[in-house]
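Novice: Quick one, structure for this:
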Amino acid sequence: MPPAISICVCTFRREEGLRRLLRSLQSLVMATPTWELIVIDNDAARSADTIVQLAIADGMKITYDVEPIRNVALARTRSVRRASGEWIAFIDDDEEADPQWLAELWKCVHSGHVDAAFGAVSHLFEEGTPQWMRAVYPRQPRIAGASLGWRETATNNALVRRSAMMFLDELFNPKFGLNGEDSELFYRMANAGFKFVAAPTARVYERVCANRANLVYLLRWYFCVGAATTIILNGGGLSAQPAGSLLAGVRSLASALTGAWVFPLSRLRGTRHLFAAAVQCGKLYAALTGRLPERYRIPRSHKVLARRPGFPSPTGT
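Specialist: Below you'll find the predicted structure:
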């Protein structure tokens with residue numbers, strides 16, 4: 001009998017992060033339905049192979065494959081095509097699963113006619129990360145059973161009906177392989193009438209390195225979100241749409257000026273205005289150029305995730 005769930009993990013040069021993730025999956029509660037694990041290495045050099053083989057030697061059953069073209073959309077599509085479960089669970093290689101994670105997602109999708117459930121992400125910051133940065137770090141609010149729009153979805157903590165994904169003309173669009181591939185897929189699923197709900201009790205823990213817990217990184221992140229959203233709403237066409245650029249430019253300038261004025265008085269309020277300006281700048285960039293900026297640019301410091309101490313331990317793991 002095929003498993004009920006296929007857990008799909010795409011990884012790129014995060015050996016230590018992948019090791020932690022696999023260890024957490026070994027601790028899932030026994031009440032979790034049957035599942036298989038598929039790891040797709042998006043590194044042609046097979047940098048994850050050693051970690052996977054060690055986990056297999058430790059008793060885990062893992063389907064390991066390589067997508068040599070660096071494009072997370074291709075890697076995710078390969079993982080879904082290798083899956084045999086009716087439900088696909090997505091989790092990232094810089095996260096750790098709570099022992100109840102999969103059981104809670106499973107409970108949520110069987111509470112009604114649901115095609116995908118999206119859990120909560122708790123951030124683990126390094127010691128010394130400023131409190132205001134912890135407060136403004138991007139997170140998706142989750143209310144149990146609440147319907148979600150496509151903008152509130154992501155593949156960092158999700159359980160998706162496989163048949164609903166296969167209903168689409170294609171899975172993850174390679175055009176969005178370096179920015180927004182999951183948002184674009186869930187946009188098409190939402191337009192096809194599939195239902196998404198929140199599952200806040202299905203929790204994963206994401207480690208946030210110091211080079212991500214800073215204003216420059218987050219401004220770029222929001223810039224990329226704005227650009228991807230514009231291209232997605234344009235039907236996925238990578239072409240310039242200058243008609244809406246004037247409004248985006250005005251909004252960007254207004255938010256930037258407000259943020260710069262408020263930031264010295266209140267970092268929380270000022271930062272939020274700056275984030276809004278970055279989103280509008282991204283929209284303007286996409287409208288004028290028809291291009292997607294690269295969100296998944298990986299600096300050297302991300303090749304091995306957080307080997308140094310300074311992170312708290314995930315609650316309950």
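Novice: What average pLDDT does the longest helix anywhere in the chain get?
Specialist: Identified as the longest helix of the chain according to DSSP state H is helix 267-289. Helix 267-289 shows an average pLDDT of 84 in the prediction.
Novice: repeat for stretch 169-189
Specialist: Model confidence over stretch 169-189, given as mean pLDDT, is 94.
Novice: got it, and stretch 194-211?
Specialist: Mean predicted confidence for stretch 194-211 is 95.
Novice: Extract the C-alpha set from it and format it as PDB.
Specialist: C-alpha atoms of stretch 194-211 as PDB (Å, rounded to 0.1, in the frame of the first residue of the first chain):
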ATOM      1  CA  PHE A 194      -9.100  24.600  -4.400                       C
ATOM      2  CA  LYS A 195      -9.500  25.400  -0.700                       C
ATOM      3  CA  PHE A 196      -6.700  26.400   1.700                       C
ATOM      4  CA  VAL A 197      -6.900  26.500   5.500                       C
ATOM      5  CA  ALA A 198      -4.700  27.400   8.400                       C
ATOM      6  CA  ALA A 199      -3.300  24.900  10.900                       C
ATOM      7  CA  PRO A 200      -1.500  26.800  13.600                       C
ATOM      8  CA  THR A 201      -0.900  23.700  15.800                       C
ATOM      9  CA  ALA A 202       1.200  22.200  13.000                       C
ATOM     10  CA  ARG A 203       4.500  23.900  13.900                       C
ATOM     11  CA  VAL A 204       8.000  23.900  12.500                       C
ATOM     12  CA  TYR A 205      11.000  25.800  13.700                       C
ATOM     13  CA  GLU A 206      13.200  27.900  11.400                       C
ATOM     14  CA  ARG A 207      16.700  29.000  12.300                       C
ATOM     15  CA  VAL A 208      17.400  32.600  11.300                       C
ATOM     16  CA  CYS A 209      21.100  33.300  10.900                       C
ATOM     17  CA  ALA A 210      22.500  36.700  11.700                       C
ATOM     18  CA  ASN A 211      23.000  37.500   8.000                       C
END
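Novice: Which positions in it come out as buried?
Specialist: Within stretch 194-211, the residues scored as buried using 16 or more other CB atoms under 10 Å are 194-210. Just so you know, the C-beta spots here come from the backbone N, C-alpha and C atoms, and that holds for glycine as well.
Novice: and that stretch, how far from the chain's centre?
Specialist: How far stretch 194-211 lies from its chain's middle: 8 Å, per CA atoms, centre = their mean, to the nearest Å.
Novice: Ok, stretch 61-71 next?
Specialist: Relative to the centre of its chain, stretch 61-71 is centred 18 Å away, using CA atoms, centre = their mean.
Novice: List the contacts of it.
Specialist: By CB atoms under 8 Å, 6 or more residues apart in numbering, the residues outside stretch 61-71 that reach it are 10, 12, 22, 36-44, 46, 48-49, 52, 55-56, 74-75, 78-79, 82, 174, 177-178.
Novice: Restricted to strands, list those residues.
Specialist: Among those, DSSP state E puts 10, 36, 37, 38, 39, 40, 41 in strands.
Novice: which one among the residues you listed gets closest to residue 140?
Specialist: Closest to residue 140 out of these is residue 10 (19.6 Å), distances taken as CB to CB.
Novice: quick revisit: so what does the longest helix of the chain touch, helix or strand wise?
Specialist: If you count contacts as 3 or more CB pairs under 8 Å, 6 or more residues apart in numbering; DSSP states H and E, helix 267-289 packs onto helix 131-136, helix 215-233, helix 245-262.
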